[in-house]
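predicted model and sequence follow; I will ask about them next.
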Amino acid sequence: MIRIATRSSAQARTQAEVVGNAVKTATGEDFELVFVDTLGDKRQDVPLHTIGGQGVFVKEVQHAVLDGLADVAVHSAKDLPSLQAQGLVVAAWCERRDPRDVLVGSTLSDLRTGATVATGSVRRRAQLSAVRPDLNFVDLRGNITTRLTKIPTDGAIVMAAAALEILGLTDRIAERLEIDRFIPMVGQGCVAVECRTDDDRVRQLIAHADHAATRFAVETERTFLAEVGAGCTAPLGAHVVGGTMSVFMASGPEADARRFVSSRSITSSSAHDVARELAREALRAVQ
């Protein structure tokens, strides 16, 4: 029996069940879910970036594994900080779903001048304001179901396509944003599975859920994130597909912020060096 630590939201629970069923199908090992409340779940009254940004949805889930209450931790990969938690290792990067951002409520072109767009992401705000500086942005928090009830009148909310896919809610999507113009967050669309570094049995079981191409892509994206700096709160994104890495960074979410957008060819041997080089160029461009 594998004990899987996860947040209790519908999205997190479904992600954990997908991982558990994949391992069960491959190995016959059964699983149970261990639900954990995180700081991000408890503090839905304030914007994410004010309570720590990345990491606010994972630390308590990680501690459940480190404390022996669970065997593995399942997260949305985009929520993982760039620094690996001591004592844990990512045993599987699950095959990536659609990594794009989507609009719910209206397409971008149909939004009237001055329309309201709700999002809790400074990256999404920075990217949308570059294209539509007239838009009015408000914060958006809560689980998927809650957010879907907060579509502004004559406006839209921004969400991850993968979150709606896993819950079977893609019929709510008004528009999938072009990935070359709206570069997603590092790891977006991927589910990460961590276990203790000294737990070889569980590590081997979870490896059945690992997807090699996704591992290469996400680890390259996370190299960019790590080089930028673990404490960076600037809007940024990075995405690897095939032999191309695309990155985005801005000095802030405002329409007049300094921006860096670039794409480079990568190979298996050059990917991490290119990611670090792009990070250094991005930092220079937005300072």
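Yep, that arrived. Predicted model, so just to flag it, every value in this text is computed and none were measured.

tell me which helix or strand of this structure sits lowest on mean pLDDT?
Using mean pLDDT, DSSP states H and E, helix 39-42 stands out as the lowest-scoring helix or strand of the chain, at a mean of 54.

on the pLDDT front, check the residue nearest to the spatial centre of the chain for me.
Nearest to the mean C-alpha position of the chain, by C-alpha atoms, centre = their mean, lies K78 at 2.2 Å. Predicted confidence (pLDDT) for K78: 93.

from G243, how far out is it?
Distance check for K78 against G243: by C-beta to C-beta, to the nearest Å, it reads 22 Å. Heads up, the C-betas are built off the backbone N, CA and C, glycines and all.

A192 too?
A192 sits 23 Å away from G243, going by C-beta to C-beta.

where does pLDDT dip in this protein?
Within the chain, the stretches falling below the threshold (pLDDT under 70) are 39-56, 230-232.

how about the helices in it?
10-27, 39-42, 59-66, 122-131, 144-148, 161-166, 200-206, 212-228, 271-286 (DSSP state H).

who wins for proximity to R96 among these?
Using C-beta to C-beta as the measure, helix 212-228 is the one of the helices of the chain that comes nearest R96, at 4.6 Å.

just the buried residues of that closest one, please?
For helix 212-228, the neighbour count (16 or more other C-beta atoms under 10 Å) marks 214-215, 217-228 as buried.

now the residues you listed in a markdown table, with distance to D256?
Formatted as a markdown table, those follow (distance: C-beta to C-beta, whole Å):
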| residue | distance to D256 |
| --- | --- |
| T214 | 36 |
| R215 | 38 |
| A217 | 32 |
| V218 | 32 |
| E219 | 34 |
| T220 | 31 |
| E221 | 27 |
| R222 | 30 |
| T223 | 30 |
| F224 | 24 |
| L225 | 25 |
| A226 | 29 |
| E227 | 26 |
| V228 | 21 |
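
which among these gets closest to D98?
Among these, and counting by C-beta to C-beta, the member closest to D98 is T214, at 12.7 Å.

for that closest one, what are its contacts?
Neighbour list for T214: 93-96, 190 [criterion: C-beta atoms under 8 Å, 6 or more residues apart in numbering].

how about 10 Å then?
By C-beta atoms under 10 Å, 6 or more residues apart in numbering, the residues touching T214 are 77, 92-97, 187, 189-192, 240.

max pairwise distance over these: which two?
Of all pairs in the contacts of T214, the most separated under C-beta to C-beta is A92 and V240 at 17.6 Å.

close enough to count as contact, R13 and A5?
No: counting by C-beta atoms under 10 Å, R13 stays clear of A5, with 11.5 Å between them.
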